[in-house]
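Asks: No sequence on hand, only this structure:
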Ligand code: GDP
């Protein structure tokens, strides 16, 4: 049959639809990580995301909300989202905040180690004969929470973001946007982007151009909001015009989580869950995982275990404490020995002195006795 006789071609054009059907049936696994200084609102953000996205899973949101205030170790929460028959298995990784340790310089290392470990574990599973039921916790997006100082990024933020950006799709987030005025927020965003550019920090950027003009405009709109400002809250508040919304109540009114004039929470949620989840997953596989794999293949022999580059700062701190306690104990013991030695020396000196005195006494007695004998001898001769 001549090609012209086949009006629909061979059917290649349907492949995107077929792929869409397969993906819809299987659903997707999406792993999101939150990190940043402690107290910046990471846990609150996760709870807000759950309460605003998982409408039919209040129990899970409640369970997550009940967790301890301060995240002290890497915490993993799983949830399932379903929209128009499309299932997403969502895994959220909450990390311990920086600034909790005496030495904060290295406190981000366990997080970087965790990211590398997930690539490593996936790579090891890929080399197994059976690859079904693989455990995959490779992080598809990492939200980095920036304290709303209104100035710029701190040196520690810069260092951490550099390490994260080279391993994962890094998305910067300005926490507690309700604490900054719109002018200060806009200035803060510009300062952050300037530092990001000057320091060569790699951020996630989504593809902008699309066949559909409204999608292109949405993409532009989302990317122009970077770094995303967010307000976190699971509380319902009532606005001046009587709407019940998630937000934070103040004497001057309320800061609304889902109001685009108040913050970029909605844009960020759209990017993560609606518009760019697939891009985040595929760039993780095609760019970050491939990058890791390539470096490991070039630097390691086949079957060789990965070297532990980073140590847990928590253990380092404990080790330092133990070392100090040990040194202190040794010093105390040394002092005790010195005192004991001094006591022994003075006792020895006293005994020596006694002995010398006894010697002198005996000597004197001997001399006296000798004198007596001599006297007696003379008297006898007479
Ligand atoms: P984490 O240590 O980063 O997980 O921080 P938390 O989520 O525990 O939040 C620390 C404190 O900041 C809590 O008292 C929260 O109520 C508060 N908080 C969280 N998000 C916001 C926000 O968007 N605005 C304001 N003003 N406070 C917030």
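Replies: Done, it's in. This is a predicted model, so every value here is computed, not measured.

Asks: the helices in the stretch 251-382 of the chain, which residues?
Replies: 265-269, 277-283, 290-299, 313-381 (DSSP state H, counting those that start in this stretch).

Asks: Can you pull out the low-pLDDT segments for the stretch 251-382 of the chain?
Replies: For the stretch 251-382 of the chain, the stretches flagged by pLDDT under 70 are 300-320, 322-323, 326-327.

Asks: bridging residues for the residue of it found nearest the ligand?
Replies: Using CB to the nearest ligand atom, the closest approach of the stretch 251-382 of the chain to the ligand is made by residue 255 at 7.1 Å. Where you see a C-beta, it was placed from the backbone N, CA and C, and this is true even at glycine. Per DSSP bridges, the residues bridged to residue 255 are residue 248.

Asks: before we move on, the earlier item: with respect to burial, which of the helices of the stretch 251-382 of the chain scores highest?
Replies: helix 265-269 (a mean of 22; mean count of other CB atoms under 10 Å).

Asks: Can you get me the centre-to-centre distance for that helix and its chain?
Replies: Counting by CA atoms, centre = their mean, to the nearest Å, helix 265-269 is centred 22 Å from the centre of its parent chain.

Asks: Equivalent analysis for stretch 372-382, please.
Replies: 106 Å.

Asks: go on, stretch 150-170?
Replies: Worked out by CA atoms, centre = their mean, stretch 150-170 lies 12 Å from the chain centre.

Asks: Buried residues, it. List them.
Replies: For stretch 150-170, a neighbour-count test (16 or more other CB atoms under 10 Å) marks 153, 157, 159-161, 163-170 as buried.

Asks: Could you dump the helices of the stretch 251-382 of the chain into CSV with distance to residue 251 added?
Replies: Listed next are the helices of the stretch 251-382 of the chain as CSV, based on distance: least, CB to CB, whole Å:
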stretch, distance to residue 251
helix 265-269, 22
helix 277-283, 39
helix 290-299, 50
helix 313-381, 41
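
Asks: could you redo those as TSV and give each row distance to the ligand?
Replies: Shown next, in TSV, are the helices of the stretch 251-382 of the chain (distance: least, CB to the nearest ligand atom, whole Å):
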stretch	distance to the ligand
helix 265-269	9
helix 277-283	22
helix 290-299	27
helix 313-381	16
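
Asks: Tell me which of these approaches residue 215 most closely.
Replies: helix 277-283 (12.1 Å; CB to CB).

Asks: helices or strands up against the closest one?
Replies: strand 28-36 (3 or more CB pairs under 8 Å, 6 or more residues apart in numbering; DSSP states H and E).

Asks: Now tell me what touches stretch 346-361 from outside.
Replies: For stretch 346-361, there are no external contacting residues (CB atoms under 8 Å, 6 or more residues apart in numbering).

Asks: nope, stretch 256-267 is what I was after
Replies: Contacts of stretch 256-267 (CB under 8 Å, 6+ apart): 48, 52, 177-178, 221-222, 225, 228-233, 237, 239, 245-247, 255.

Asks: which bits of this protein sit near the ligand?
Replies: Counting by CB under 6 Å from any ligand atom, the residues of the chain close to the ligand are 38-44, 69-71, 97, 176, 178-179, 231-232, 248.
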